[in-house]
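1. need coordinates for the following:
(one chain, ligands or ions: 1)
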Amino acid sequence: MTRSVHISPVVIVTGASRGFGRALTAALLDRGCTVVGDARRTADLEATASALNSPRLIPIAGDVTDPAHRAALIVAAIDAGPLRLLVNNASRLGPSPQPALADYLAADLRAVYNVNVFAPLALIQAALPALTDNHGVIVNVTSDAAVEAYEGWGGYGSSKAALDHISAILAVERPDVQVYAFDPGDVRTEMHQAAFPGEDISDRPEPESVVPAFLRLLDTRPAAGRYRASDPSVAGAPA
Ligand SMILES: NC(=O)c1ccc[n+]([C@@H]2O[C@H](COP(=O)([O-])OP(=O)(O)OC[C@H]3O[C@@H](n4cnc5c(N)ncnc54)[C@H](OP(=O)(O)O)[C@@H]3O)[C@@H](O)[C@H]2O)c1
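-> Purely as a prediction, here's the structure:
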């Protein structure tokens, strides 16, 4: 008699301790995935892991800009099973309030690009062999600030524009993996509050509200490209 063994698909979600990354991690665990998730603040990541309470969550504290940490994420993911999805979600807004470009310090801009551009590409490069073997998917989490010229959003917005273009070019260079940029839209998170310091952001939707659109992207696998959570093709509950 043969017994079928269920192998849990493995996902890497950066920035899994709170906000959209945490909401997505919870949903992917519910779907039976193994999630390798990170964040810099160990206590926050541990608190999230204990709240989500799943043996399939592998929390690894660290900074995505650290090559040794990125290597640890990849090793843990490959050890856990077939790597099917990389979600580059961790992001840096930059100073709050955000400075105008004329006043933007080079060190601050470099820090934003290190997290939002260089680290995601480095993780992609490291994950590509395993993702290719497993018909995998890469999702880079982007923002409307990548395509709209909002005053004061030059640092973060231009970094997300670079990430969008990396997503688009990777998609044509590597048709053997599916590459998406996903814009969740405004959601009520720590980063959103930092972007609007002192403002009441309680009218913004919770990050959980845009997770169904993300899951629909995974389920329907439309053509590679840039999708907003509000796009009719992905908005709504997953099929
Ligand atoms: N919120 C919005 O309205 C909005 C709108 C458009 C796009 N987005 C995008 O959505 C994504 C999630 O944003 P969010 O609002 O959920 O942010 P958030 O609540 O601030 O959460 C960010 C997560 O990333 C982690 N993180 C930050 N820097 C990191 C680093 N260098 N290395 C590892 N982990 C790091 C944070 O934990 P630690 O601080 O402990 O590291 C946290 O877990 C981002 O890509 C953001 O650009 C958000």
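2. can you confirm whether the longest helix that the chain contains lies near the ligand?
-> In the chain, with assignment by DSSP state H, the single longest helix is helix 154-173. No. Helix 154-173 lies apart from the ligand when judged by C-beta under 6 Å from any ligand atom; the minimum separation is 6.5 Å. Just so you know, the C-beta spots here come from the backbone N, C-alpha and C atoms, and that holds for glycine as well.
3. show the secondary-structure elements that that helix is packed against.
-> helix 106-113, helix 119-133, strand 137-141, strand 178-183, strand 225-228 (3 or more C-beta pairs under 8 Å, 6 or more residues apart in numbering; DSSP states H and E).
4. what sits up against the first one?
-> It refers to helix 106-113. Identification of contacts with helix 106-113 by C-beta atoms under 8 Å, 6 or more residues apart in numbering yields 92, 93, 94, 95, 99, 155, 156, 159, 162.
5. any idea which helix or strand carries residue 46?
-> Per DSSP states H and E: residue 46 is located in helix 42-52.
6. can you name the element that comes right after that helix?
-> Criterion used, DSSP H and E; the element after helix 42-52 is strand 57-61.
7. let me see the mean pLDDT of that next one.
-> Across strand 57-61, pLDDT averages out at 98.
8. ok, back up a step: buried ones in the helix holding residue 46?
-> Within helix 42-52, the residues that count as buried by 16 or more other C-beta atoms under 10 Å are 44, 45, 48, 49, 52.
9. and residue 90, how far from the ligand?
-> 3 Å (C-beta to the nearest ligand atom, to the nearest Å).
10. what's the nearest residue to residue 69 if we skip its chain neighbours?
-> Nearest residue to residue 69, sequence neighbours excluded (C-beta to C-beta, 6 or more residues apart in numbering): residue 62, at 3.1 Å.
11. pretty sure that neighbour is touching residue 90, no?
-> No. The criterion here is C-beta atoms under 8 Å, and residue 62 misses it with residue 90 at 10.2 Å.
12. of these two, who's got more company?
-> Legend: neighbour count by other C-beta atoms under 10 Å for residue 62 and residue 90, higher for residue 90 (25 against 18).
13. what's the closest non-adjacent residue to the more buried one?
-> With sequence-adjacent residues excluded and distances taken as C-beta to C-beta, 6+ apart, residue 90 is closest to residue 15, at 3.3 Å.
14. please consider this matter closed, and thank you.
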